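>>> I would like the atomic coordinates for the input below:
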Amino acid sequence: MKYDLVTELDRKVFAEELQPELPKRLFDAHVHAFDKTCFPEGFSLGEKSCYAKFGGEHPTALAKKMFKELLPGIEVSFNCFGSVNPNADRGRDIPEHDNKRVFAMAVVSPEDPAELLEERLATHHLVGVKPYPNLAAEALGKAVNDVTPLDLLTAGQLEVLDRAKGIATVHIPRKERLADPINQTEMPELCRRAPDTTFVFAHIGRAYFMRNVVGMLDKLAECPNAWLDTAMVNHPGVLKYAFDHFPNDRIVFGSDAPIAWLHGKSVEINNQYAYLMGEDYRIGTSIFDAEGAVEFTTFFYEQLRAILTCGLNRSQIQQLLWFNAERLWINR
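Residues are numbered from 1 along each chain as shown. Below is the predicted model:
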């Protein structure tokens with residue numbers, strides 16, 4: 001089964017299930033936007049990379065096009081950052097943005113001097129940073145699963161962010177993710193070390209199944225500068241638990257586009273999770289429906305579907321999909 005960017009099933013799901021419930025404005029806090037020029041000549045992300053569907057890149061203009069295709073009639077703003085691939089040139093990998101409808105962050109490694117980060121933020125008028133475990137692992141000579149939250153940003157980088165009252169979108173490390181004891185200690189500590197920085201912990205702390213979230217948000221909820229984004233979470237139970245156990249005015253919607261543009265769904269299996277893929281690309285633990293037995297809609301729609309099953313009223317949905325992000329990004 002071949003999937004176009006937007007299928008007839010997608011249009012049906014939007015018209016019948018999503019459009020009647022969604023607000024007229026939506027903010028996506030988690031978009032990867034970059035073009036090929038940030039990579040060395042001849043470099044390829046690989047034919048199974050999700051970016052292969054988009055020619056090996058996902059520039060801001062394509063993200064805008066996809067939002068128009070998938071959310072017709074809805075005004076979309078978004079926050080984006082470049083590639084977290086270590087081969088990308090972070091100095092050139094700055095997404096196009098206007099700080100009105102589109103905002104941008106610098107991808108950062110611990111090897112980047114604080115002075116260079118400060119210059120990059122000021123020169124490009126960026127709202128903050130996107131650290132990532134694989135970049136920290138490479139810089140520090142550690143295995144990726146041995147990286148801790150406090151490894152992601154240096155003390156100097158945190159000082160720069162704090163002076164700027166910036167935002168850090170944090171993909172936490174370690175195999176057990178949110179449930180890891182070191183993460184449970186260091187995530188609140190990160191918030192305490194930079195109290196004027198807003199830390200948006202991506203993917204609800206990478207809690208894609210129930211055992212990884214139950215009882216794991218309490219310490220973080222006590223930190224006033226700790227936020228969550230919902231990127232790639234389409235598990236209604238995980239979402240509802242987060243809405244019930246974390247301040248709702250500090251949760252924002254995120255999609256993880258362009259992964260979110262692919263057709264598939266993530267599922268919990270025996271305290272694990274896997275991506276059921278309608279398209280033959282690899283995103284973590286993937287199970288590809290090679291026989292085309294199931295017709296999928298996009299991960300993007302599955303995320304919105306799951307949110308709408310959590311019993312939120314219209315005001316709460318608007319808060320999650322727009323007003324919280326408006327406060328943090330647009331009215332900053």
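>>> make it CA atoms for all contacts and neighbour counts henceforth
Will do.
>>> ok, Glu279 - contacts?
Residues counted as contacts of Glu279 (Cα atoms under 8 Å, 6 or more residues apart in numbering) are 2-3, 262-264, 288-289.
>>> pLDDT and distance to Cys50 added to these, as TSV?
Formatted as TSV, the contacts of Glu279 follow (pLDDT from 0 to 100; distance: Cα to Cα, whole Å):
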residue	pLDDT	distance to Cys50
Lys2	77	15
Tyr3	92	13
Leu262	97	8
His263	98	11
Gly264	97	12
Phe288	96	13
Asp289	95	16
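>>> need the residues you listed in a markdown table (columns: secondary structure).
Formatted as a markdown table, the contacts of Glu279 follow (DSSP: H, G, I helix; E, B strand; the rest coil):
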| residue | secondary structure |
| --- | --- |
| Lys2 | coil |
| Tyr3 | coil |
| Leu262 | coil |
| His263 | strand |
| Gly264 | strand |
| Phe288 | strand |
| Asp289 | coil |
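>>> out of those, which end up buried?
When the contacts of Glu279 are checked for burial by 16 or more other Cα atoms under 10 Å, the buried set is 262-264, 288-289.
>>> can you pull out the helices in the stretch 151-300 of the chain?
Along the stretch 151-300 of the chain, counting by DSSP state H, counting those that start in this stretch, helices occupy 155-164, 181-193, 203-206, 218-221, 236-245, 299-308.
>>> point out the most buried one among those helices.
Comparing the helices of the stretch 151-300 of the chain on average neighbours per residue, with mean count of other Cα atoms under 10 Å, the densest one is helix 203-206 at a mean of 25.
>>> elements contacting that helix?
On a contact count with 3 or more Cα pairs under 8 Å, 6 or more residues apart in numbering; DSSP states H and E, helix 203-206 meets strand 226-229.
>>> what is the neighbour count of the nearest residue to Lys240 once chain neighbours are set aside?
Distances taken as Cα to Cα, 6 or more residues apart in numbering place Cys310 nearest to Lys240, at 5.4 Å, with adjacent residues excluded. Cys310 has 18 neighbouring residues, counting by other Cα atoms under 10 Å.
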